[in-house]
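>>> this one's sequence-less:
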């Protein structure tokens, strides 16, 4: 079913987007695109923003609202994903069962390497994330206006396509494919003469993000 | 997936890679910061790390060499076909 213009009943998305350092400010600002798409689809958004991105609130919201899709931003490593001021929210071997039955997208370093696999073993339907460190290029001259940063845009718009595509009713496989395709398109643009010097110099980092972005679990599932 | 491991590379080869990467970074823009993990790095910091060969430097070398390898192999354009 194409949900692109229709209401998706009873669906909700839980988002964490702390803002305690510059990369998280970029994630925080650019995640607004995802929230706007969810609003257009009449999907309830549970927005754990800024200092609300805590383990206690996350746990409470998951148990109370049972969101079908969880989109997390923040610092992470192979074993965990953190929230505001790097408080660990989900840790492999500790509380990944909280994510059972859900589709998870984590925009953070290394999380797919071990945490993602642990989540799938604990019953997470699908997990999208990165096997290596997530990189973001940005221009310091735009740092006060992250949404106008023409380098960061090339990184963050394609990664937003995962939750946006899922919200529109796409399968996990299609959401992943759309994100990969958009990253490749941006990457090839960055190599072209149309790109600025900053965009061109940031190309290797986007290539790496694309190469190590993975999907685990059931690719055919959707919210 | 790429099996290349920057931490296990021959030291002489690593020195050659450093030279290539340093040359690339030196010509890069001053108005660009790359965030890797939880830290931001400007051109000067990246250059210092690559020359020292510290953990960040190895990450940058790995990223740049992977880019060059994949470009040389035509992988960029194969994936666009």
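Nice, thanks for sending it over. Remember, it's a predicted structure, so these values are computed and weren't measured experimentally.

>>> what about residue A:144, neighbour count?
9 (other Cβ atoms under 10 Å in any protein chain shown). C-beta coordinates here come from the backbone N, C-alpha and C atoms, glycine included.

>>> could you give the secondary structure assignment for it?
With DSSP: H, G, I helix; E, B strand; the rest coil as the basis, residue A:144 sits in coil.

>>> and the gap between the residue sitting furthest away from the middle of chain A and chain B?
The centre of chain A is farthest from one residue, residue A:193, which by Cα atoms, centre = their mean lies 29.8 Å away. Relative to chain B, residue A:193 is positioned 16 Å away (Cβ to the nearest Cβ, to the nearest Å).

>>> likewise for residue A:26?
Residue A:26 is 8 Å from chain B, by Cβ to the nearest Cβ.

>>> contact partners for that residue?
By Cβ atoms under 8 Å, 6 or more residues apart in numbering or on different chains, the contact list for residue A:26 reads A:136, A:138, A:146, A:149, A:152, A:156.

>>> and for residue B:22?
B:47, B:50, B:51.

>>> over to residue B:47?
So residue B:47 contacts B:22, B:25, B:26 (Cβ under 8 Å, 6+ apart).

>>> got the residues of chain A near chain B?
Within reach of chain B by Cβ under 8 Å from any Cβ of the partner chain, chain A has these residues: A:21-23, A:75, A:86, A:109, A:131, A:133-141, A:151, A:184, A:187-188, A:191, A:197-198, A:201-205, A:207-208, A:211.

>>> just the ones of the residues you listed in strands?
Within the residues of chain A next to chain B, residues falling in strands by DSSP state E are A:135, A:136, A:137, A:138.

>>> closest to chain B among these?
Nearest to chain B among these, counting by Cβ to the nearest Cβ, is residue A:136 at 4.4 Å.

>>> find the nearest non-adjacent residue to the closest one, please.
Take residue A:136 and drop its neighbours on the chain: the residue closest to it by Cβ to Cβ, 6 or more residues apart in numbering or on different chains is residue B:35, 4.4 Å away.

>>> hmm, back to that, closest to residue B:80 among the contacts of residue B:47?
Nearest to residue B:80, judged by Cβ to Cβ, of the contacts of residue B:47 is residue B:25 at 26.4 Å.

>>> can you give me the neighbour number for that closest one?
As a burial measure, residue B:25 scores 18 neighbours (other Cβ under 10 Å).

>>> mean confidence for the host helix or strand of it?
Assigned by DSSP states H and E, residue B:25 belongs to helix B:11-26. Averaging pLDDT along helix B:11-26 gives 95.

>>> again, but for stretch B:45-52
96.

>>> list the buried residues for that stretch?
B:45, B:46, B:47, B:49, B:50 (16 or more other Cβ atoms under 10 Å in any protein chain shown).

>>> between those residues, which is closest to residue A:93?
Nearest to residue A:93 out of the buried residues of stretch B:45-52 is residue B:49 (Cβ to Cβ; 32.2 Å).

>>> could you identify the helix or strand that succeeds the host helix or strand of the closest one?
If you go by DSSP H and E, residue B:49 is part of helix B:43-52. Moving toward the C-terminus from helix B:43-52, the next helix or strand (DSSP H and E) is helix B:55-72.

>>> that following helix near chain A at all?
Yes: using Cβ under 8 Å from any Cβ, helix B:55-72 reaches chain A at B:59, B:63, B:64, B:66, B:67, B:70.

>>> and the nearest residue to residue A:24 once chain neighbours are set aside, how many neighbours?
Distances taken as Cβ to Cβ, 6+ apart place residue A:18 nearest to residue A:24, at 5.1 Å, with adjacent residues excluded. Using other Cβ under 10 Å, residue A:18 has 27 other residues around it.

>>> per-residue pLDDT, the closest residue to chain B within chain A?
Chain A approaches chain B most closely through residue A:204 (3.7 Å), counting by Cβ to the nearest Cβ. Listed pLDDT for residue A:204 reads 97.

>>> the one 5 residues further on now?
Note on residue A:209: pLDDT of 97.
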